[in-house]
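Based on what follows, work out the 3D shape:
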Amino acid sequence: MSYITIIGAGAWGTTLTGLLSDKKYDVSLWVYEEDLADEIQRTRINTIYLPHFVIPDNVKVSHSMEEVLKRTRYIVNVVPAQHTRAVFKKALPYIHKDTIIINASKGIEQGTLLTISAILKELSACEVAVLSGPSFAEEVVKKLPTAVTVASNSNDTSFLLQEIFNTDYFRVYTHSDVLGVELGGALKNVMAIAAGISDSLGLGSSTRAALITRGLAEITRLGVEMGANEKTFMGLSGLGDLVLTCTGNLSRNYTVGFKLGQGQKLQDILQNMPMVAEGVTTSEAAYALSKKYNVEMPIVEQIYKVVNEDKNALDAVRELMGRTLKSEF
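I've put the predicted structure just below:
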């Protein structure tokens, strides 16, 4: 069957490797860390990112980009946003022009303010689609029921990828709004930091509900201004992913927020996290986008200041609650 390469061996990349391998696809996994690649080849376990899952023997694991890409028809990108450009520049010489790239990572590149699919389109002539939605790797790998969406500008590609990824526990819907799906997946991580801060301060369920609702309003305003479909943000990649990451204790971004609310320093928090919390860098990009498109995003602004300017979290809450009164819509 079709040859698929997963680029990035974090928890999500490892999970998707197992999912596709279970469907009998010919799958390779590219690992950034050479020593980890050697260890996985030997033990079939990703001890750093997903230690309780055994990677099937039929999955080829390698640190060599040439080795994993020489026969590839589909590439699944699971590289963090800030490293995608550098990794794919190295991969480009080995990527065939007819390859379809599926971005399964969530974030916005600092500086350029590009979504990950936009980076991939800028670098290559390949068709690019996006897989996103409310999905914790630790739950999907246990085959707990999950629903996500795959977005492409081509209906044929959407239907093809839907068939490739769909299983009896991983339900895949199709979508045509690539930008909206990707923005929802990226911006929800900023709101997750806010939710973690709120919970660590003991502000209660009502506060978290308000953050989720008003956070969705901010994400939607920006997305529509950038050209996305308003309805997209009420779907799996918008509201669905936002609810999950703002309420689930498996969320890395929620965890960052919770520890910030406890008074821990950001640098100390990140040093003790093996996996990337995309909301930290996305907060800066989201704040820059709000200024670029002249969209009011008060929650994003406060999280940006807490993360990047060491603003006191409780002061940020007070400022949000003290804003000028206005109509909800």
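
Give the other helices and strands that the lowest-mean-pLDDT helix or strand in the chain contacts.
One helix or strand of the chain scores below all others by mean pLDDT, DSSP states H and E: helix 266-271, with a mean of 92. Applying 3 or more C-beta pairs under 8 Å, 6 or more residues apart in numbering; DSSP states H and E, we find helix 266-271 packed against helix 252-261. No exception for glycine: its C-beta is placed from N, CA and C like everyone else's.

So for the helix it packs on, what gets flagged as buried?
Neighbour counts over helix 252-261 (16 or more other C-beta atoms under 10 Å) mark Arg252, Asn253, Tyr254, Thr255, Val256, Gly257, Phe258, Lys259, Leu260, Gly261 as buried.

got CSV for these, with pLDDT and distance to Leu203 too?
Converted to CSV, these look like this (pLDDT from 0 to 100; distance: C-beta to C-beta, whole Å):
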residue, pLDDT, distance to Leu203
Arg252, 93, 21
Asn253, 94, 17
Tyr254, 95, 14
Thr255, 94, 17
Val256, 95, 17
Gly257, 95, 12
Phe258, 95, 12
Lys259, 95, 16
Leu260, 94, 14
Gly261, 94, 9
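
Tell me the helix or strand right after the least confident helix or strand of the chain.
Per DSSP states H and E, helix 266-271 leads on to helix 278-292 as the next helix or strand towards the C-terminus.

I'd like the average pLDDT over that next one.
For helix 278-292, mean pLDDT rounds to 96.

Now do that helix: everything it contacts.
With C-beta atoms under 8 Å, 6 or more residues apart in numbering as the contact definition, helix 278-292 has outside contacts at 80-82, 105-110, 113, 186-187, 189-190, 192-193, 222, 226, 253, 256-257, 266, 270, 295-297, 300-301, 303-304, 307-308.

And those, which of them are buried?
Applying 16+ other C-beta under 10 Å to those flags 80-82, 105-109, 113, 186-187, 189-190, 192-193, 222, 226, 253, 256-257, 266, 295, 297, 300-301, 303-304, 307 as buried.

picking that back up, among the contacts of helix 278-292, name the ones in helices.
Cross-referencing these against helices under DSSP state H gives 81-82, 186-187, 189-190, 192-193, 222, 226, 253, 256-257, 266, 270, 300-301, 303-304, 307-308.

returning to what we had before: which residues touch the least confident helix or strand of the chain?
The contact list for helix 266-271, computed with C-beta under 8 Å, 6+ apart, reads Val256, Lys259, Leu260, Ala277, Val280, Val307, Asp310.

which ones are touching the second one?
By C-beta under 8 Å, 6+ apart, the contact set of Lys259 is Gly196, Ser200, Ile269.

Neighbour-wise, give me the winner out of the residues you listed.
Highest neighbour count within those: Gly196, with 29 neighbours (other C-beta atoms under 10 Å).

Kindly provide the distance from the nearest residue to that one once chain neighbours are set aside to Ile7.
Counting by C-beta to C-beta, 6 or more residues apart in numbering, Gly196 lies nearest to Gly257, which is 2.4 Å off, once chain neighbours are set aside. As for Gly257, its distance to Ile7 is 28 Å (criterion: C-beta to C-beta, to the nearest Å).

Please consider this matter closed, and thank you.
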